[in-house]
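A.B. asks: Provided below for reference: sequence and predicted model.
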Amino acid sequence: MNALCALFLALVPLQEAPQPLKLEKLGITIAPPPLEELKPDARVQGQVQGGWDGKLAGSKVSVNVYVLPISEFGFVEPEDVTEILLENLRDVKKGGDENFGWDTQELRPGKYGFTPYASIAVGTRKQGTEAKNGVIMFSSLTKDDGYVVRVDVEPEPDEAQTKTIVDWLAKGVAFGGEARNWKWSDEDAKARWIDDAPEETHKKFDGALRTDHYLILTNSSGGKLFAKKMEECYATIRKVFPFEDVPGRLLMPVLLFRTPDEYYAFCQKVPKMSLEAARQTKGHAWRDYYATWYEAPNDPVHIHEATHQIFSNRLRLSGGGSWFQEGVAEYIETKENDRNIAASQVAKSRHTPLTEFFVVKSLIATADDKSGGSGAGDAYKQAAVLIEFLRESKWGKDKFQDFVHAVGLVPRGQLPAIEAAIRKVYGCDVATLEAKWVEYCKKR
């Protein structure tokens, strides 16, 4: 019998152990996922560089690895890679859902690439109102490329399945190269100034000032004092909207010009503003930077725009809509008394109803003061009073941070997605939230 068993085993080919996926050009190695019936997908086509198929606790799992060149997409941080895939998930023409948003998004430190951390995003794709499948994205950057490990799970994974996949990604992805200089080299800092600043300022560039969180690029003698003010703004904003400092994130660039005219020229060169529009601003945050000129470090415009920069570059909460983005910045900038008139209007039900307010594309367009300044118009103050209510009232404050992250991740101005986020956090619809807000303002 033993001889027969030995002969049988000798004739049966041994099943090869699953092999890691090696992206040699990137220096990335990805261990096989812990799936049942695991089958490698050797497909290499376009952006897809391989993957696996299998099952996890009865659910069908598909893993695909994408590589996207930085030269084509302009990635700066891992979250930028995630956002490209997010656009695809929202693209109706490709079968996407315009209301799709991440349920959670986190940054995980680790040796995952040139950037020493990865973006991990988890969301649910729906068909109508029913969950269809779960999507998990793990993204990071090497020096020349962005990459993402996309995991689709059908049906929607439960908490345990999601944890299994996230744990595998966090432990199974490894990078063999060197991490970037997150403080910016002097050469990179100067190159940024030469690329973005008006030509007439190039010879006057004094070099870069670095703080714990900012890279100050300036031709102004007030750079050191302004750098101190930006760190004060950072501390205030982080106290109201807490977040973790993840090691390895690039210092946030601030372009501080000596004169208003130099700032206006920058506005025409980089964000392509008209001269008239530029003259109506004291500063603005866009993409990764904040730009202004040195005049008064204590001007409230700085903390307003610093809030926009942090929401974009640290919290990565760029959704919700203009009401949300301007609301959080205006709330930080103003004091309670500055919001009294707007609160009185809400108490008298003379405000813009929330179902209309949430879909306004730009509050600047509805402001009484068309200058677009940080305190422009009743719309800004209404947004700030709403944030005040959610953060300070007995009804809303315990769930405020959940609200910020839930709404900040949904598409801008999409009422169904905004209402779904509100239901998730507060367990009520928009009408109920509005009634609680009006009641708060009456007693304020």
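C.D. replies: All right, it came through fine. Residues are numbered from 1 along each chain as shown.

A.B. asks: can you pull out the strands in the stretch 1-150 of the chain?
C.D. replies: Under the criterion DSSP state E, counting those that start in this stretch, the stretch 1-150 of the chain contains strands at 21-23, 28-30, 36-41, 48-56, 59-69, 102-109, 117-127, 130-141, 145-154.

A.B. asks: Which one of those strands lies nearest to Thr281?
C.D. replies: Shortest distance between Thr281 and the strands of the stretch 1-150 of the chain, using CB to CB, is found for strand 102-109: 30.0 Å. Heads up, the C-betas are built off the backbone N, CA and C, glycines and all.

A.B. asks: list the helices and strands that closest one packs on?
C.D. replies: Counting contacts by 3 or more CB pairs under 8 Å, 6 or more residues apart in numbering; DSSP states H and E, strand 102-109 packs against helix 78-90, strand 117-127.

A.B. asks: How far away from the center of its chain is the first one?
C.D. replies: Helix 78-90 has its average C-alpha position 10 Å from the chain's average C-alpha position, going by CA atoms, centre = their mean, to the nearest Å.

A.B. asks: okay, the angle between it and strand 130-141?
C.D. replies: 150 degrees (axes from the mean of the first three to the mean of the last three CA atoms, to 10 degrees).

A.B. asks: buried set for helix 78-90?
C.D. replies: Pro78, Glu79, Asp80, Val81, Thr82, Glu83, Leu85, Leu86, Leu89, Arg90 (16 or more other CB atoms under 10 Å).

A.B. asks: Repeat that for the shortest one.
C.D. replies: Of the residues in strand 117-127, those buried under the neighbour-count criterion (16+ other CB under 10 Å) are Tyr117, Ala118, Ser119, Ile120, Ala121, Val122, Gly123, Thr124, Arg125.

A.B. asks: okay, the helices and strands packed on strand 102-109 in CSV with distance to Asp378 and mean pLDDT next?
C.D. replies: CSV is the format used below for these (distance: least, CB to CB, whole Å; pLDDT from 0 to 100):
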stretch, distance to Asp378, mean pLDDT
helix 78-90, 31, 92
strand 117-127, 35, 91
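
A.B. asks: out of those, nearest to Thr201?
C.D. replies: Closest among the helices and strands packed on strand 102-109, once you apply CB to CB, is helix 78-90, at 27.8 Å.

A.B. asks: List the contacts of that closest one.
C.D. replies: 66, 68, 73-75, 94, 96-100, 102, 105, 107, 112-113, 115, 117-119, 121, 123, 125, 135, 137, 139-141, 146-148, 150, 316, 411 (CB atoms under 8 Å, 6 or more residues apart in numbering).

A.B. asks: list the contacts for Ala174?
C.D. replies: By CB under 8 Å, 6+ apart, Ala174 lies in contact with Ile28, Thr29, Ile30, Ala31, Lys111, Tyr112.

A.B. asks: pLDDT value on it, please?
C.D. replies: With respect to pLDDT, Ala174 scores 97.

A.B. asks: I'd like the distance from the helix or strand encompassing it to the chain centre, please.
C.D. replies: Assigned by DSSP states H and E, Ala174 belongs to strand 173-175. Distance of strand 173-175 from the chain centroid (CA atoms, centre = their mean) equals 23 Å.

A.B. asks: cool, and stretch 409-419?
C.D. replies: 15 Å.

A.B. asks: Below-threshold pLDDT in the chain: ranges please.
C.D. replies: Residue ranges of the chain with pLDDT under 70: 1-16, 42, 128-129, 131, 365-376.

A.B. asks: ok, so what distance separates the residue nearest in space to the middle of the chain from Asp288?
C.D. replies: Closest to where the C-alpha atoms of the chain average out (CA atoms, centre = their mean) is Arg316, at 2.0 Å. Counting by CB to CB, to the nearest Å, the gap from Arg316 to Asp288 is 12 Å.

A.B. asks: cool, and Leu251?
C.D. replies: Applying CB to CB, the value for Leu251 to Asp288 is 10 Å.

A.B. asks: Over to Ala296?
C.D. replies: Taken as CB to CB, the span from Ala296 to Asp288 is 24 Å.

A.B. asks: Save the buried residues of helix 78-90 as a markdown table, and put in distance to Ser59 too.
C.D. replies: Formatted as a markdown table, these follow (distance: CB to CB, whole Å):
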| residue | distance to Ser59 |
| --- | --- |
| Pro78 | 26 |
| Glu79 | 27 |
| Asp80 | 29 |
| Val81 | 25 |
| Thr82 | 22 |
| Glu83 | 26 |
| Leu85 | 21 |
| Leu86 | 22 |
| Leu89 | 19 |
| Arg90 | 24 |
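
A.B. asks: circling back: between Ala296 and Asp288, point out the one with more neighbours.
C.D. replies: Neighbour totals were compared for Ala296 and Asp288, and Asp288 leads with 17 against 11 (other CB atoms under 10 Å).

A.B. asks: The closest residue to the more buried one other than its chain neighbours: neighbouring residues, count only.
C.D. replies: Once flanking residues are discounted, Asp288 sits nearest to Asn313: 5.6 Å by CB to CB, 6 or more residues apart in numbering. If you count neighbours by other CB under 10 Å, Asn313 ends up with 22.

A.B. asks: swap in His202?
C.D. replies: Count around His202 with other CB under 10 Å applied: 12.

A.B. asks: OK, contacts around it?
C.D. replies: Contacts of His202 (CB under 8 Å, 6+ apart): Trp193, Ile194.

A.B. asks: need the contact list for Asp212.
C.D. replies: By CB under 8 Å, 6+ apart, the neighbours of Asp212 are Glu231, Tyr234.

A.B. asks: Please apply the same query to Val173.
C.D. replies: Ile28, Thr29, Ile30, Ala31, Gly110, Tyr112, Ala118, Phe138, Ser140, Val149.

A.B. asks: Report the contact partners of Arg425.
C.D. replies: Just to correct that, residue 425 is Val rather than Arg. Lys399, Asp402, Phe403, Ala406.

A.B. asks: buried subset of the residues you listed?
C.D. replies: So, of those, Phe403, Ala406 end up buried under the neighbour-count rule (16+ other CB under 10 Å).

A.B. asks: Out of the contacts of Val425, the closest to Glu276 would be?
C.D. replies: Phe403 (36.8 Å).

A.B. asks: didn't the closest one look like it was pressed against Tyr426?
C.D. replies: Yes - in terms of CB atoms under 8 Å, Phe403 counts as a neighbour of Tyr426; the distance is 7.4 Å.

A.B. asks: can you pull out the helices in the stretch 301-444 of the chain?
C.D. replies: With helices called from DSSP state H, counting those that start in this stretch, the stretch 301-444 of the chain shows them at 301-313, 322-333, 340-347, 354-357, 363-366, 377-392, 400-408, 415-426, 430-443.

A.B. asks: ditto for the stretch 151-300 of the chain
C.D. replies: Under DSSP H, counting those that start in this stretch, the stretch 151-300 of the chain gives helices at 159-172, 186-196, 223-240, 260-269, 275-279.
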